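# All I have is the shape, not the residue letters:
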């Protein structure tokens, strides 16, 4: 491997290294400008987001070269949250991403490190990326969680046969450490590793068809500890008990053997269809089916003890259409996702828990730009439904809701290529229908703190808005940088009444904000 | 705009409708067959007086059934889950004497139990329960204070005690009474290291050097600690309706005392613990240990137990309640000190330094009480068969909560309290919120 290859690989994994370059050229600044404009254009952003779904799109939907580094601080506060959410979140994130072309091979790489502090979260010793799981520990007492997550993503693409055939591979790897700092002290180690390979073939200059295969592994390793042994040695402190959720109903106390592993294996197939319809723009259709098997168990010198099994089937269909206009781009992005989860409950020797959700969303976006300004506008509708069923406890809770969102932003470009941007958005979410079957006889901690709260949260209506401001300026004559502030506010409008023993309800509002320093080169 | 929204919803509703939202959970029809396990076929006992109780461990829902002449019960539409299944038949002394021809002065109870039985979807086996009459002795274990008191505000484990009661109408002598804390599988997560019975308990038949011509599981129990009450034979009389209290350390734990290291031992909240200064016997381990426990002081006015085997640094009962307790009375043919000792039946060959446990013949056990942790999920497979204790008892709040298990009062005759003894500690025992030596419930 020659030095040039090494340099590019380094750039892929850690674009920060670009800062160390000594030679400043106008070419590099022009590159930084192009990258910045790429991120300023909401249509490009939709394309990038779409392209990250699979390495298949690396060759056609990602720029030849761009690099970005962001340092973000996030602050969320408010009690209009699901039962297992956090009333306050402080989070910092360092992320980088970029593409580069190395001969005939195109590469994409990204890296991020996120550190999150969550205040007042309950009944959820979980990683937050497996929320449909039937099997986890939790307790009614609030705990403070700290999470560190490192994520890496890399993709490569090479074309053959006169660019007719494309072969691409992608991988992402995530490793995380999550722990709570007060009793009951959850400690969760996780890793996720996914690979995908895709083959695309141009049937004509305008139509490309592709297929892909996905394989993934992961593990979550959970242990609950206590500093104060009184919390698990007796039932005098039930709020601090370690409860085992196994389904969607009342829990069992697990005072000893407070640990398990969740091993995950994924297999999936992709199908791709791209069409360049000339004046009608470009269409990208991506279908994906993934089956994930989770095994909850514990292994020690005595052997394996199985606790539960969980199978998740996920179907995604994504469609992107975009069309270049004389001074901008118009496009639509639509997605459908269906998630079907079913456990195998070892105790009952059968499937007891089901998780069923679907979402359907559509977004229309328009970007217009001139030398002095860029406008981005969008309108979006998202439908989401979810049903959780626990057979043995005869619990069945279903809800759906629709969220409508509209937003607009403008960027004023200055002569030195610096800029000022400002944007607004508004959203309104309302419930369409629901059903609620929970036997009052089963009512105890989980039912009161989680099921009732979530039902009230998910069937409530809310509205809010957001503002965005960004200031961009050239830095070291080789890159563009920006400081961006986002703030969102959501207020609950209506909440159903539930004639049960209510111990916690969603609060009235939620405020979210972030500030980021971004470098484009 | 509105029609597009409806179109959007209709398309989605079509997709959503295809989802299967039924689980595989189905109720089970459970068949149970009850029989008597009798030593002789010279008589038969009626099955239709037997009662069956089935308790869902998770929901604690109890269902009771009567049995037909053939001892067959069909429980329809039972939810899958884990169940305690208990059966019992009670005969008055007169009834039993009439039917069997065996003269008895006490009521006789036959018990059978199956604890923590998993009933899965599609379960189709017939559960067979064999009713067995246990030995109902004059001595009974009356109270066991194994939980200890609060770690911070109480006395931790040093205030533990056990109480034995003369449940007969004649004076008994405590001299040479033996008692043991019995062992078995106590940690489910280590079960893979042992040879196990189908019940999940240890298969002692597989212990190293265990004779092959004995039933090591049903005819014996195994002691983690074995003690004898000293005496010359008639040195420690116990009148009818009276008891003896055996303390870990016979002091008033409510008040400060000086430990063997010269430091004061105090409790922050005396109401959480007990006064054991009037105990009849105490355990004193200092002679065996290079570094005795500071709280293990020797109360000169309270006789010490004879310790045949021990575990730990004092007579410290397992606070969660994972062991069992037996009271043993032998005749002159037996020398318990010479009873054989065996290793745990580990799959791997035990090392030469591995612990060995006294093998106590069940026929010398005059009372047995199995205790279990308070939470069902922490319970371990039963160690005692129905001849010793068909059930188990526990303190509802768990470890270090001051609670003790205490045998219920059945009746009072001429001022003498007779404690309930049906050989099923689930039925026979209640609990004290704060242990109460010599107290009644």
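Cool, got the structure. Note that the structure is predicted; figures quoted are calculated from it, not measured.
# Pull the contacting residues for residue A:475.
Residue A:475 makes contact with A:481, A:519, according to CB atoms under 8 Å, 6 or more residues apart in numbering or on different chains. C-betas here are computed from N, CA, C, even on glycine.
# quick one, phi/psi of it?
Dihedral pair for residue A:475: phi -130, psi 130, per degrees, to the nearest 10.
# Which SSE is immediately downstream of the helix or strand where residue B:325 lies?
Using DSSP states H and E, residue B:325 sits within strand B:324-328. Downstream of strand B:324-328, the next assigned helix or strand under DSSP H and E is strand B:341-342.
# What are the contacting residues of that following strand?
B:204, B:207, B:208, B:209, B:210, B:216, B:222, B:309, B:356, B:357, B:358, B:359.
# now the third one, what's its secondary structure?
So the one you mean is residue B:208. coil (DSSP: H, G, I helix; E, B strand; the rest coil).
# quick one: it and residue B:343 touch, right?
Yes - counting by CB atoms under 8 Å, residue B:208 does reach residue B:343; the two are 5.3 Å apart.
# Quick check: neighbours shared by those two?
Contacts common to residue B:208 and residue B:343, judged by CB under 8 Å, 6+ apart, are residue B:350.
# So for these two, which residue has more residues nearby?
Higher neighbour count among residue B:208 and residue B:343: residue B:343, with 19 against 13, using other CB atoms under 10 Å in any protein chain shown.
# Surely residue A:437 and residue A:393 touch.
No - counting by CB under 8 Å, residue A:437 stays clear of residue A:393, with 10.0 Å between them.
# Have a look at these two and say which one is more surrounded.
residue A:393 (24 against 11).
# for chain B, what are the nearby residues on the stretch 301-450 of chain A?
Residues of the stretch 301-450 of chain A lying close to chain B (CB under 8 Å from any CB of the partner chain) are A:301-303, A:305, A:336, A:338, A:340, A:342, A:347-354, A:356, A:358, A:360, A:362, A:381, A:383, A:385, A:387, A:389-392, A:396, A:432, A:442.
# among the residues you listed, which ones are buried?
A:302, A:305, A:336, A:338, A:340, A:342, A:347-354, A:356, A:358, A:360, A:362, A:381, A:383, A:385, A:387, A:389-392, A:396, A:442 (16 or more other CB atoms under 10 Å in any protein chain shown).
# check contacts around residue B:431.
B:393, B:395, B:396, B:403, B:404, B:405, B:406, B:441.
# now swap in residue A:125 and tell me
Counting by CB under 8 Å, 6+ apart, residue A:125 has contacts A:136, A:137, A:138, A:180, A:184, A:186, A:188, A:222, A:224.
# hey, what's residue A:88 bridged with?
Note on residue A:88: beta-bridge partners by DSSP bridges are residue A:77, residue A:119.
# quick one: contacts for it?
Contacts of residue A:88 by CB under 8 Å, 6+ apart are A:76, A:77, A:118, A:119, A:120.
# what does residue A:500 give?
Contacts of residue A:500 by CB under 8 Å, 6+ apart are A:438, A:440, A:443, A:448, A:452.
# is it true that it lies in a strand?
No - Residue A:500 is assigned coil when assessed by three-state DSSP, not a strand.
# any idea how far it lies from residue B:279?
51 Å (CB to CB, to the nearest Å).
# now residue B:181
17 Å.
# So residue A:309: helix, strand or coil?
From three-state DSSP, the assignment for residue A:309 is strand.
# Hmm, it is touching residue A:265, no?
No - applying CB under 8 Å as the test, residue A:309 and residue A:265 come out as separate, 11.4 Å apart.
# what sits in contact with each of the two?
residue A:293.
# Looking at the two now, which is surrounded by more residues?
Using other CB under 10 Å as the criterion, residue A:309 and residue A:265 rank with residue A:309 on top: 18 against 14.
# Now the more buried one: closest residue in space, sequence neighbours ignored.
Excluding the flanking residues, the one nearest residue A:309 by CB to CB, 6 or more residues apart in numbering or on different chains is residue A:344, at 4.1 Å.
# how about that neighbour, secondary structure?
strand.
# same check, this time on residue A:38
helix.
# surely it meets residue A:47?
No - with contact defined as CB under 8 Å, residue A:38 does not reach residue A:47; the gap is 9.2 Å.
# Tell me which of the two has more neighbours.
Using other CB under 10 Å as the criterion, residue A:38 and residue A:47 rank with residue A:47 on top: 24 against 17.
# Which helix or which strand is home to that one?
Residue A:47 belongs to helix A:42-51, assigned by DSSP H and E.
# Show me what counts as buried in that helix.
A:42, A:43, A:44, A:46, A:47, A:48, A:50, A:51.
# Minimum pLDDT in these, which residue is that?
On pLDDT alone, residue A:42 ranks lowest of the buried residues of helix A:42-51, at 70.
# From the contacts of residue A:88, pick the one nearest residue B:336.
Using CB to CB, residue A:120 is the member of these that lies nearest residue B:336, at 58.5 Å.
# Please list all residues in contact with the closest one.
A:86, A:87, A:88, A:142, A:144.
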